[in-house]
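S.K.: Predicted model and sequence follow; I will ask about them next.
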Amino acid sequence: MIKIVVCDDTLTEINKIDHLLAEFNANFLSIDYRVYSSSLELSQNSKIIESTDIFLLDIVMPDITGIDLGKLIRSKNKDASIIFLTTSKDYALDAYGIQALQYLVKPIIKEELYDAIQKGIVYANKKERYYSIQTRSDLIPVKVNDIKYIEYKEHFLHFYVNDKILISKFYRSAFEIAIHDLFEHEDFILAHRAYLINMRHVKKMDSTSFEMDNHHIVPISKSRLAFTRKTYMDFLLRG
């Protein structure tokens, strides 16, 4: 799922962009977006900055300008797409080095906003994404696309990554919470309460299970069969 953050201190602009993003979400594809009215608040949220794909930043804001916020974002997230919202492109020189994807001049035009977001989505989808597995002793980064499936067994996550099995630390939380980031990833589906599979690695599906490309069989629970079948068919059509 593509993550977008909007930061603008003008309420009318926030409301307009929020409406346009909701419409984009309904008509095009699933995105996850958050809106901030304070640049200072966003600057203090490192987790959001590091995990976001596309930023829409007003340039003229109190506390921290959009330019300075963009520099902070770039220092923490070099691959993010930054789209500046401005009353004039004269600020472009001030943003030198940030490598902004685009400048949108206010008032925001829907078609221009959607075009910029689509560019950001294309770029985000080309990135090689990584997921960090917390084992008992190490934090191991792996490519998301290399994860075939995850099995939740006795409070441990068993990650089947290519030809390896990596076992996580002990988790007291529910399966969905322990793998929150992957749980929301568009390529993964919860086929069973104890299995999250990467649909990229499915060899075939029948009425009770998935056969993965490593020949492992992953069960599909009866209660999730209809949803799982539809989600997998949508994935195949999308691909």
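M.R.: Perfect, I can see it now. Quantities reported herein were computed from a predicted structural model and do not represent experimental measurements.
S.K.: Met212 bridge partners, please.
M.R.: Counting by DSSP bridges, Met212 forms beta bridges with Val202.
S.K.: residues in contact with it?
M.R.: Taking CB atoms under 8 Å, 6 or more residues apart in numbering, we find Met212 in contact with 148-149, 160, 197, 201-203, 218. Backbone N, C-alpha and C define where each C-beta goes, glycine included.
S.K.: So for the helix-or-strand element of the chain with minimal mean pLDDT, what gets flagged as buried?
M.R.: Every helix and strand of the chain was ranked by mean pLDDT, DSSP states H and E. The lowest is helix 180-183, at a mean of 86. Neighbour counts over helix 180-183 (16 or more other CB atoms under 10 Å) mark Leu182 as buried.
S.K.: Pull up the pairing partners for whichever helix or strand comes after it, direction included.
M.R.: Sequence order places strand 188-192 as the next helix or strand after helix 180-183, per DSSP states H and E. Sheet pairing for strand 188-192, assigned by DSSP bridges, gives strand 195-198 (antiparallel).
S.K.: any idea of the mean pLDDT for the partner strand?
M.R.: Strand 195-198 comes out with an average pLDDT of 98.
S.K.: and what of stretch 147-158?
M.R.: For stretch 147-158, mean pLDDT rounds to 97.
S.K.: Show me what that stretch is in contact with.
M.R.: Residues outside stretch 147-158 that contact it (CB under 8 Å, 6+ apart) are 131, 133, 159-162, 165-172, 175, 178-179, 182, 193-198, 201, 212-214, 216, 218.
S.K.: Please check these and keep the buried ones.
M.R.: 131, 133, 159-161, 166, 168, 175, 178-179, 182, 195-198, 201, 212, 216, 218.
S.K.: Pop the domain breakdown of the chain in here.
M.R.: 2-126, 130-238 (automatic domain parsing).
S.K.: Helix, strand or coil: sort out the residue lying farthest from the centre of the chain for me.
M.R.: What lies farthest from the middle of the chain is Asp90; by CA atoms, centre = their mean that is 31.6 Å. Taken by DSSP: H, G, I helix; E, B strand; the rest coil, the conformation at Asp90 corresponds to helix.
S.K.: For it, give its distance to Asp234.
M.R.: The spacing between Asp90 and Asp234, counted by CB to CB, to the nearest Å, is 45 Å.
S.K.: Could you pull up the mean pLDDT of the helix or strand in which Ser168 is found?
M.R.: Taking DSSP H and E as the criterion, Ser168 maps to strand 164-170. Averaged over strand 164-170, pLDDT sits at 96.
S.K.: Next: stretch 71-91.
M.R.: Averaged over stretch 71-91, pLDDT sits at 89.
S.K.: which residues touch it?
M.R.: Residues from elsewhere that reach stretch 71-91 (CB under 8 Å, 6+ apart): 8, 13, 43, 46, 49-60, 64, 66-67, 70, 95, 97-106, 108, 116-117, 119-120, 123-124, 127.
S.K.: Confirm that Asn125 lies within a helix, as I assumed.
M.R.: Yes: counting by three-state DSSP, Asn125 falls inside a helix.
S.K.: Give me the helices and strands touching the helix or strand where Lys47 lies, please.
M.R.: Element membership for Lys47 (DSSP H and E) is helix 46-51. Judged by 3 or more CB pairs under 8 Å, 6 or more residues apart in numbering; DSSP states H and E, helix 46-51 is in contact with helix 39-43, helix 66-76.
S.K.: Recalculate using a threshold of 10 Å.
M.R.: For helix 46-51, the elements it packs on are strand 2-7, strand 31-36, helix 39-43, helix 66-76, judged by 3 or more CB pairs under 10 Å, 6 or more residues apart in numbering; DSSP states H and E.
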